[in-house]
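1. everything below, folded, please.
(chains A and B)
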Amino acid sequence: MKMGRSTAVAVLAAAALALAACGGGRSGSGDGSGDGSSGQARTLTLWHYEGADSAMGKAWAEAVKQFEASHPGVQVKFEEKGFEQIQKTAGMVLNSDEAPDLMEYNKGNATAGLLSKQGLLTDLSDEAAKRGWDKLLSPSLQTTARYDDRGIMGSGRWFGVPNYGEYVMVYYNKDLFEKQGVEVPTTFDELTAVLDAFAKAGTTPIAMAGAEYPAQQLFYLLALNQADRAWVNSFQLYQGKVDFHGPQLTYAARTFADWVGKGYIGKDSAGMKAEDMGVAFISGKFPMMVSGSWWYGRLQSEIKDFEWGSFLWPGNLAPGSSGNLWVVPEKAENKDLAYDFIDITMKKEIQNLLGNSGGIPVAADPSAITDEKSKELIENFNELSSRDGLAFYPDWPAPGYYDVLVAGLQELINGGKKPEAVLDEIAQPYEDNLADIGN
Amino acid sequence: MRTLRAPGGPPGRWAVLAALVVLAVVMLFPFVIVTLNAIKSPAEYSSGGPLSLPQGVYLDGIVEFWQRVDFGRKLWNSFLISGTVALAAVVLSVLNAYAIGIGRVRGRLWILVFFLVANTLPQEALVYPLYYLAKQAGLYDSTLAVIVIFTVIQAAFGTYLLSAVLGQFPREILEAAALDGAGRWRTLWRIVVPISRPTLSVLVIFFFIWTWNEFFLPLIFLISNDNQTVPVALGVLQGDKMMDATMSSASALLGIVPAVAFFLIFQRTLTRGITVGAVK
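-> Sure thing, here's the model as predicted:
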């Protein structure tokens, strides 16, 4: 880099003339945060990456309105960001003077946990207690809000506040179910019988995408059928030892391979992306899709040709968690305003709006949800949440584990490796991470 | 070889034509798909998939995206950054290459090797050093930082290329200029630059388009939405687990059009420049 620096100086000199025009743009960007603490005309800088039409986008837009009404003289400067931009740049932005006052950020050890360990996030424990957020959120939702000194979720101080929830369920095509003459299964045996009926009739029952998250979530669901909360806490929160050749994961790997063999899962799905899976289900090609609540709004607006519904996967546990978090950067200039804003988004009114727009509120009034389908979605979530059934996601325990699981499950789908060999493959990175964090 | 080159040989001609048609179809196919999906409604996309023909022209996606990200502003940012970088990098490359290719400074081979190595460095490796430098210089979240960085990156390639070109520069012309009493500075601007103009124009166009398409460093350095460039703005549509295929296509179309338009406009000047050089 010696060259880069010395040349940079030369460029600075050479380009100075040409750049006179950009000077104006530069000074314009600096004044947003500069006058923050002067008392008059304050600005709350807010970043999030939810689309304007999504449930969160709608609810938070309303929250901005209410905030501005209750805080005369304060202007909210909202910037819509891309998910990738926040993922890639959060550490750098929060370490600079350009940090926003409040932003949405991903929950989990590798994201919010890491930033909290680096001291880039504000400790929200006092505010959570004072404003009652700790009472509004159920224990399994709080798991992702709190991080200990190692940046591991589940205990310690509050560094984020989740505003919505999410979980994995089964979406089904009512028309195809009727045609096949099968009912919504309530037990795992009934589910297998339904799958078998479709497969025997020559239809692949489950829409799948091996190249992205859906395969690992189905795999994890199968493991959860043999697991309890203690196992989940071992796997996700490192509170115990996880045996990759124990009954849970062995069962999951064998069953998954078995299902591929029996034609419950298409052999050609190894290279599919989640988007392909969703489009295939929306166009009515598959009777079932096992995936998360993030599809809900889209299915609701885009499925026109058939009736559809959703049901909980038969079993006590399912992948799911709080949604992404509100975090307040340590370098934020208007922390008090940020707390006020979070508080508004937790109010019944905003939460109800979130629920009626197709999202899953964490603190809504169930009777205020009027939309029939949304009610089904939220009631299922509340049932799962109340029996402490949110088991988080399989890729959380170790950095980069998502790609490990994708690779492993692709091997299972195209039959490249035996289930035991796949388990060995996914065990190694997990154990390496344990060693890294000193467990 | 001979049959292919023979001017009148029909079989050779047809084969070349067929190959070119296939190539053109392969090249245009992605553009067609993007355009098709850009004018489809989301419901049509979901029920028919990406390859189906749209039933009507649906422009809401394009309009909505334009307003959502304030696209006019992004276009201006991209244009300002790419244009400044293209010109500044070419000026810098000429100065460097004049010293290396014609001036034959000592250790020029090693200087060139150094530039080549710098060129192959992945941008990911540069991010953290550049981030700290920009922060120290107070240039974080400013277009100036991106302009400086890309001017250096593009000039590294430009220097490498131009040094080779100027190394072959006819000595007779330089000697004639020296006999006429032209100093180094005058020789550069009156002799070398006009004669190498075709090469320089090509470089300007390449630098412009390369800089226009840069995603990673602008993503890191342009934090405020007001400073962002077109490719970064396109990233707004990529969600955590969701993507909006039709709006992404709409945005991709909006993103490609300026670069293609720029190329088409300047390709003309480019050919004219070359012919003028040839007549001289």
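
2. use CA for all of it now, contacts and neighbours both
-> OK.

3. does chain B have contacts with stretch A:313-333?
-> No - interface with chain B: stretch A:313-333 contributes nothing (Cα under 8 Å from any Cα of the partner chain), its closest point being 10.0 Å away.

4. what about A:Pro399, how many neighbours?
-> When neighbours are defined as other Cα atoms under 10 Å in any protein chain shown, A:Pro399 has 15 of them.

5. hmm, A:Gly108 and it touching each other?
-> No - using Cα atoms under 8 Å, A:Pro399 is not in contact with A:Gly108; the gap is 10.1 Å.

6. give me the nearest residue to the residue of the stretch 301-439 of chain A found nearest chain B, chain neighbours excluded.
-> Distances between the stretch 301-439 of chain A and chain B by Cα to the nearest Cα are smallest at A:Glu302, namely 5.0 Å. Nearest residue to A:Glu302, sequence neighbours excluded (Cα to Cα, 6 or more residues apart in numbering or on different chains): B:Ala43, at 5.0 Å.

7. the residue of the stretch 301-439 of chain A closest to chain B touches B:Ser41, doesn't it?
-> No - here A:Glu302 does not reach B:Ser41: they are 10.0 Å apart, not a contact under Cα under 8 Å.

8. of those two, which one has the most company?
-> Legend: neighbour count by other Cα under 10 Å for A:Glu302 and B:Ser41, higher for B:Ser41 (21 against 18).

9. enumerate every residue touching that one.
-> Contact analysis of B:Ser41 by Cα atoms under 8 Å, 6 or more residues apart in numbering or on different chains lists B:Tyr58, B:Gly61, B:Thr246.

10. list just the nearest of these to A:Val168.
-> Ranked by distance to A:Val168 (Cα to Cα), those are led by B:Thr246 at 25.3 Å.

11. neighbours of that closest one, how many?
-> When neighbours are counted by other Cα under 10 Å, B:Thr246 registers 26.

12. contact partners for it?
-> Taking Cα under 8 Å, 6+ apart, we find B:Thr246 in contact with B:Asn37, B:Ala38, B:Ile39, B:Lys40, B:Ser41, B:Pro42, B:Tyr45, B:Gly61.

13. then it would be within a strand, right?
-> No - using DSSP: H, G, I helix; E, B strand; the rest coil, the assignment for B:Thr246 is helix, not a strand.

14. of all the contacts of B:Thr246, which two lie farthest apart?
-> The largest separation in those, counting by Cα to Cα, is between B:Tyr45 and B:Gly61 at 12.2 Å.

15. between the two, which is the more surrounded one?
-> Shown here are B:Tyr45 and B:Gly61; by other Cα under 10 Å, B:Tyr45 has more neighbours (25 against 21).

16. isn't that one up against B:Asn37?
-> Yes - using Cα under 8 Å, B:Tyr45 makes contact with B:Asn37 at a distance of 7.2 Å.

17. identify the contacts common to the two.
-> Here B:Tyr45 and B:Asn37 share the contacting residues B:Ala245, B:Thr246, scored by Cα under 8 Å, 6+ apart.

18. can you pull the contacts of whichever residue of the stretch 101-250 of chain B sits closest to chain A?
-> Nearest residue of the stretch 101-250 of chain B to chain A (Cα to the nearest Cα) works out as B:Val236 at 3.6 Å. B:Val236 makes contact with A:Tyr49, A:Glu80, A:Lys81, A:Gly82, A:Phe83, according to Cα under 8 Å, 6+ apart.

19. and what of B:Ala24?
-> Applying Cα under 8 Å, 6+ apart to B:Ala24 gives no contacts.

20. hmm, 10 Å instead?
-> The contact partners of B:Ala24, by Cα atoms under 10 Å, 6 or more residues apart in numbering or on different chains, come to B:Ala18.

21. ditto for the one 10 residues further on
-> The contact partners of B:Val34, taken as Cα under 10 Å, 6+ apart, are B:Pro50, B:Leu51, B:Ala245, B:Thr246, B:Ser248, B:Ser249, B:Ala250, B:Ser251, B:Ala252, B:Leu253.

22. do A:Ala69 as well
-> Residues near A:Ala69 by Cα under 10 Å, 6+ apart: A:Ala63, A:Gln75.

23. one step back: name the nearest of the contacts of B:Val236 relative to chain B.
-> Distances from chain B to the contacts of B:Val236, taken as Cα to the nearest Cα, are shortest for A:Gly82 (3.6 Å).

24. now the residue in the stretch 251-400 of chain A that chain B sits nearest to. Nearest residue, chain neighbours left out?
-> Here the residue of the stretch 251-400 of chain A nearest chain B is A:Ser283; by Cα to the nearest Cα that distance is 4.4 Å. Counting by Cα to Cα, 6+ apart, A:Ser283 lies nearest to B:Ser47, which is 4.4 Å off, once chain neighbours are set aside.

25. need the pLDDT of the one you found.
-> Note for B:Ser47: predicted pLDDT of 76.

26. give me the contacts around whichever helix or strand it is part of.
-> B:Ser47 is part of helix B:42-48 when elements are defined by DSSP states H and E. Applying Cα under 10 Å, 6+ apart, the contact partners of helix B:42-48 are A:275-276, A:278-285, A:298-299, A:301-305, B:36-40, B:49-56, B:58, B:61, B:244-247.

27. can you pull out the strands in the stretch 51-200 of chain B?
-> Assigned by DSSP state E, counting those that start in this stretch, the stretch 51-200 of chain B shows no strands.

28. low-confidence bits of the stretch 151-280 of chain B, can you list those?
-> Where the stretch 151-280 of chain B drops to pLDDT under 70, the residues are B:239-242, B:269-280.

29. repeat that for the stretch 151-300 of chain A.
-> In the stretch 151-300 of chain A (pLDDT under 70), no residue qualifies.

30. please identify the residues of it in proximity to chain B?
-> Proximity of the stretch 151-300 of chain A to chain B, by Cα under 10 Å from any Cα of the partner chain, involves residues A:212-213, A:274-276, A:278-285, A:292, A:294-295, A:298-299.

31. re earlier: how close does the residue nearest to A:Ser283 get to A:Met277?
-> B:Ser47 is 12 Å from A:Met277, where distance means Cα to Cα, to the nearest Å.

32. distance check, A:Lys117 against A:Pro314.
-> Between A:Lys117 and A:Pro314 the computed distance is 38 Å (Cα to Cα).

33. re the thing from before, tell me the two of the contacts of B:Val34 that are most distant?
-> Largest separation among these by Cα to Cα: B:Leu51 and B:Ser251, giving 18.0 Å.

34. since that was my last question, I'll sign off now.
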